[in-house]
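*Asks:* Pasting the sequence and the predicted model now:
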Amino acid sequence: MRLSAFFAGLLLVSLFHQVRGYPTMVGQYGEAIEIPCNNGIANPENIFITKWKYNKNDGSTGDLLIKTQGKNVSVLDNADFKGRISLAKDLSLRISQAKLVDQKIFTCIIVNDNDISEYSVQVKIHKTPSAPTITNQATEMEIGKLTMLGECSTQYAYPAANVSWYKNGVPLLADQTGVKLTTAVQEDKTTGLMSTSSKLEYMAVKGDLNAKFTCAVHHKSLTSDLVSAPVTFVLNYPPENISLLITPADTIKEGDNVTLKCRADGNPPPAGYSFHIKGKKVTVEKSDTYTLTGVTRASTGEYKCSLLDNEAMSASRSIVVMYLDIALSTRGNVIKRVGENFEAAVVANASGEAQISWSKNKAKLNGAPRFGKLKLSDSGVYECVASMAGIEKKASFELSVQGPPVISRLTKRRSDDGMFKVLSCEAHGSPAPSVLWSINGTNATESAFGEGKVIHKITISPMVNLTVNCTVVNSLGQDTKSIDVSTLFDEVTMDKRADQAEGSTDQTRLVVGIVVGLLLAALAIGLTYWLFMKKTREGTWKTGEKEDGTLEESKKLEENQSQKAEV
């Protein structure tokens with residue numbers, strides 16, 4: 001009676017589940033999967049019977065295993081699952097090494113003391129596809145021609161993977177004109193796994209030069225797409241533009257090497273070019289350059305290059321060669337006399353405006369040399385520098401101003417140790433004058449001759465007072481000057497006398513001062529006495545008395561007063 005109720009219950013549950021959907025779980029191909037029983041909430045301790053079954057392809061059901069409380073699991077004989085199924089502790093059905101044939105509806109039936117329940121799960125198997133690869137790749141493409149670029153393949157997927165193409169990361173959409181895609185899916189008869197391939201036919205444009213093409217695989221088992229390694233191709237197209245480049249690009253000077261470079265945008269590049277050089281045609285192969293060596297001003301003109309097989313496609317450029325020449329009105333060694341006029345000038349022949357500067361003995365001048373009356377100091381090396389557009393030219397001459405020698409200075413001094421006399425004779429003249437002395441000396445020195453001046457010195461020790469002559473001579477004349485030189489003893493004596501004379505003068509001044517003081521004192525006394533006597537006499541006259549004494553006594557008195565005043 002109990003078993004009859006059990007099977008009756010099974011029949012009712014089966015009929016109930018046929019009219020509703022099942023939950024789905026996804027397993028990975030080749031891996032183990034566990035199918036939960038009653039959604040994983042069954043309590044094995046209260047279950048009397050557990051049974052797993054599955055739906056066959058023909059619509060019938062098949063049993064997998066059964067477990068009765070207190071007994072071991074009984075695995076039923078089934079060819080599709082032989083050796084791959086087992087019952088977990090929580091009553092889940094475990095299937096190892098999942099295959100595509102495992103894509104079925106599995107049902108768990110549970111019987112306890114007072115109830116029978118059934119729980120079904122739809123199992124699906126996925127297989128991750130292999131990484132995509134591009135084969136049958138085109139190495140060269142022509143512009144405007146629909147060409148097979150490559151075939152992208154991915155293998156062993158389930159369900160079949162989708163493939164898409166990209167150019168520089170941008171999806172390519174089939175338009176059957178410039179982009180044509182052909183996709184094929186092939187099933188492995190043994191495993192049932194799917195391989196997908198996609199062929200790309202593409203019409204290249206000029207902008208595809210160096211473009212990178214990739215393909216990507218999309219699949220349900222992937223969280224992100226699998227992308228192939230990029231591929232490129234050589235893009236062939238005929239030249240459409242041609243240009244001529246010139247190096248150096250800025251200023252070209254006489255003597256420079258000038259390189260002409262012809263460039264066309266075709267691919268592959270032209271095998272060679274024709275260069276048209278001043279009316280002459282020069283052909284170069286396996287190269288795109290031609291070099292002009294040491295150009296001159298005559299090289300100025302128009303230059304052209306063209307394709308070997310199509311001279312109508314050409315490019316031209318004009319070349320201007322800069323040049324600069326200078327010429328001085330005087331050159332070499334110029335000899336002039338003192339007092340003459342002189343002027344130097346430069347003539348510049350240039351392709352542009354040249355900057356002119358002058359210097360004398362490396363010192364900069366404000367302008368060209370121009371003299372109303374030449375002096376000896378005007379002698380020197382004069383240099384003219386002309387510059388323009390990076391070109392520099394120099395020219396120079398040496399001016400020698402000549403004149404008879406003249407002694408400008410003749411001096412004497414005592415040596416530092418006081419034991420000798422040093423005579424110095426300074427003279428001007430050109431050519432360099434020779435200096436002659438009328439007396440022999442020692443330690444003779446002569447300065448370097450420069451700007452028409454020379455200084456000659458000698459050291460002497462005169463024993464007597466003498467007159468020394470300095471004579472300067474060159475090819476244009478001579479000059480002589482004299483100087484008196486005393487002995488060192490006389491100079492010492494004269495110094496002492498000068499000191500004594502200075503002391504005597506001081507004493508004389510002192511005596512004169514004393515005498516003048518005494519005279520002033522005597523004069524003051526006499527004046528006082530005279531005033532006293534005058535007052536005395538005036539007092540006598542006032543009383544009406546006559547002056548006592550004779551005329552002779554009066555004279556004698558006056559004489560005495562005069563003597564006192566002199567004292």
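*Replies:* Done, it's in.
*Asks:* Count the neighbours of the nearest residue to Ile33 once chain neighbours are set aside for me.
*Replies:* In space, Ile33 comes closest to Gly27 once its chain neighbours are excluded; the distance is 3.5 Å by C-beta to C-beta, 6 or more residues apart in numbering. C-beta here means a position set from N, CA and C on the backbone, and glycine is covered the same way. The local packing of Gly27 (other C-beta atoms under 10 Å) involves 19 other residues.
*Asks:* what does the one 10 residues further on give?
*Replies:* Cys37 is flanked by 28 other residues according to other C-beta under 10 Å.
*Asks:* Same check on Pro369?
*Replies:* 19.
*Asks:* Distance check, the residue nearest to it when sequence neighbours are not counted against Ser359.
*Replies:* In this structure, Pro369 finds its nearest non-sequential neighbour in Ala344, 4.5 Å apart by C-beta to C-beta, 6+ apart. Between Ala344 and Ser359 the distance is 12 Å, computed by C-beta to C-beta, to the nearest Å.
*Asks:* Of the two, which one has the most company?
*Replies:* Ala344 (18 against 15).
*Asks:* That one and Glu142, how far apart?
*Replies:* 73 Å.
*Asks:* Residues contacting stretch 132-142, please?
*Replies:* 147-154, 163, 199, 202, 204, 208, 213-217, 226-229, 231, 233-237 (C-beta atoms under 8 Å, 6 or more residues apart in numbering).
*Asks:* repeat that for 7 Å
*Replies:* Contacts to stretch 132-142, defined as C-beta atoms under 7 Å, 6 or more residues apart in numbering, come from residues 147-154, 163, 204, 215-217, 226, 228, 231, 233-236.
*Asks:* May I have the strands that pair with the host helix or strand of Val422, each with its orientation?
*Replies:* Element membership of Val422 [criterion: DSSP states H and E] is strand 421-430. Using DSSP bridges, the neighbouring strands of strand 421-430 in the sheet come out as strand 391-414 (antiparallel), strand 453-460 (antiparallel).
*Asks:* wait, what's in contact with Ala368?
*Replies:* 344-345, 358.
*Asks:* Redo those as CSV? Include distance to Ile116.
*Replies:* Below are the contacts of Ala368 laid out as CSV (distance: C-beta to C-beta, whole Å):
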residue, distance to Ile116
Ala344, 133
Ala345, 132
Trp358, 126
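*Asks:* between these, which is nearest Ile277?
*Replies:* Ala345 (39.6 Å; C-beta to C-beta).
*Asks:* For the closest one, grab the count of nearby residues.
*Replies:* 12.
*Asks:* got a list of what it touches?
*Replies:* For Ala345, counting by C-beta under 7 Å, 6+ apart, the contacting residues are 329, 368.
*Asks:* Now do it against Ile335, distance only.
*Replies:* 18 Å.
*Asks:* that older thread, any residues touching the strand holding Val422, and which ones?
*Replies:* With C-beta under 7 Å, 6+ apart, strand 421-430 has contacts from 376, 379, 400-415, 433, 435, 441, 452-460, 462, 468, 470, 472, 474, 485.
*Asks:* Pull the residues that contact the helix or strand that it is followed by.
*Replies:* Later in the chain than strand 421-430, the nearest helix or strand by DSSP H and E is strand 434-437. The list of residues contacting strand 434-437 from outside it, by C-beta under 7 Å, 6+ apart, reads 425, 427, 446, 454, 456, 458, 468, 470-473.
*Asks:* at 10 Å what do you get?
*Replies:* 405, 407, 423, 425-427, 444, 446, 454-458, 460, 468-474, 478, 480 (C-beta atoms under 10 Å, 6 or more residues apart in numbering).
*Asks:* for it, the distance to its chain's centre please.
*Replies:* 64 Å (C-alpha atoms, centre = their mean, to the nearest Å).
*Asks:* Return the list of strands paired to that strand, each annotated with direction.
*Replies:* Counting by DSSP bridges, strand 434-437 is paired with strand 466-474 (antiparallel).
*Asks:* what mean pLDDT would you report for the strand it pairs with?
*Replies:* Mean pLDDT, strand 466-474: 94.
*Asks:* Run the angle between the following helix or strand past it and strand 391-414 for me.
*Replies:* Counting by DSSP H and E, the next helix or strand C-terminal to strand 466-474 is strand 477-485. When axes from the mean of the first three to the mean of the last three C-alpha atoms, to 10 degrees is applied, the directions of strand 477-485 and strand 391-414 differ by 30 degrees.
*Asks:* where exactly do the helices run in the protein?
*Replies:* 2-17, 488-543, 551-566 (DSSP state H).
*Asks:* that older thread, which neighbours do Ala344 and Ser359 share?
*Replies:* Common neighbours of Ala344 and Ser359 (C-beta under 10 Å, 6+ apart) are 382, 384.
*Asks:* Show the buried residues in the contacts of strand 421-430.
*Replies:* 376, 379, 401-407, 410, 433, 435, 441, 452-458, 460, 462, 468, 470, 472, 474, 485 (16 or more other C-beta atoms under 10 Å).
*Asks:* From Gln97, how far off is the closest residue to Val26 other than its chain neighbours?
*Replies:* Residue nearest to Val26 in three dimensions, not counting chain neighbours: Lys124, with 5.1 Å by C-beta to C-beta, 6+ apart. Going from Lys124 to Gln97 by C-beta to C-beta gives 16 Å.
*Asks:* Val464 now?
*Replies:* From Val464 across to Gln97, the span is 143 Å (C-beta to C-beta).
*Asks:* So between those two, which is more surrounded?
*Replies:* Counted by other C-beta under 10 Å, Val464 and Gln97 do not tie: Gln97 has more neighbours, with 12 against 9.
*Asks:* Next up, the contacts around the more buried one.
*Replies:* Contacts of Gln97 by C-beta under 10 Å, 6+ apart are 29-33, 83-84.
*Asks:* Try it again at 6 Å.
*Replies:* Residues in contact with Gln97 (C-beta atoms under 6 Å, 6 or more residues apart in numbering) are 30, 84.
*Asks:* just Asn440 next, same as before
*Replies:* No contacts exist for Asn440 under C-beta under 6 Å, 6+ apart.
*Asks:* Repeat that for Leu324.
*Replies:* Neighbours of Leu324 in contact, by C-beta under 6 Å, 6+ apart: 350, 354, 388, 391, 393.
*Asks:* What confidence value was assigned to the first one?
*Replies:* Ala350 carries a pLDDT score of 92 in this model.
*Asks:* Equivalent analysis for Asn114, please.
*Replies:* pLDDT, Asn114: 79.
*Asks:* wait, what's in contact with the residue nearest to Pro369?
*Replies:* Counting by C-beta under 6 Å, 6+ apart, Ala344 has contacts 329-330, 368-369.
*Asks:* same question, Leu307
*Replies:* 270, 313.
*Asks:* got it, and Ser318?
*Replies:* Counting by C-beta under 6 Å, 6+ apart, the residues that Ser318 touches are Glu302.
*Asks:* give me the beta-bridge partners of it?
*Replies:* Bridge pairing for Ser318 - DSSP bridges - gives Glu302.
*Asks:* what about it, distance to Ile252?
*Replies:* 11 Å.
*Asks:* and what of Pro239?
*Replies:* Pro239 is 28 Å from Ile252, by C-beta to C-beta.
*Asks:* Please identify which of those two sits among more neighbours.
*Replies:* Neighbour count, other C-beta under 10 Å: between Pro239 and Ile252, Ile252 has more, with 22 against 15.
*Asks:* Contact partners for that one?
*Replies:* Ile252 neighbours (C-beta under 6 Å, 6+ apart): 258, 321.
*Asks:* Could you do the one 10 residues further on as well?
*Replies:* Cys262 makes contact with 244, 273, 288, 305 under the criterion C-beta under 6 Å, 6+ apart.
*Asks:* What residues are bridge-paired with the closest residue to the last one other than its chain neighbours?
*Replies:* The one in question is Cys305. Nearest non-adjacent residue to Cys305, counting by C-beta to C-beta, 6+ apart: Cys262, 3.6 Å away. Cys262 forms beta bridges with Leu244, as assigned by DSSP bridges.
*Asks:* Tell me how far Cys262 lies from Phe275.
*Replies:* As judged by C-beta to C-beta, Cys262 and Phe275 stand 7 Å apart.
*Asks:* Cheers, nothing more for now.
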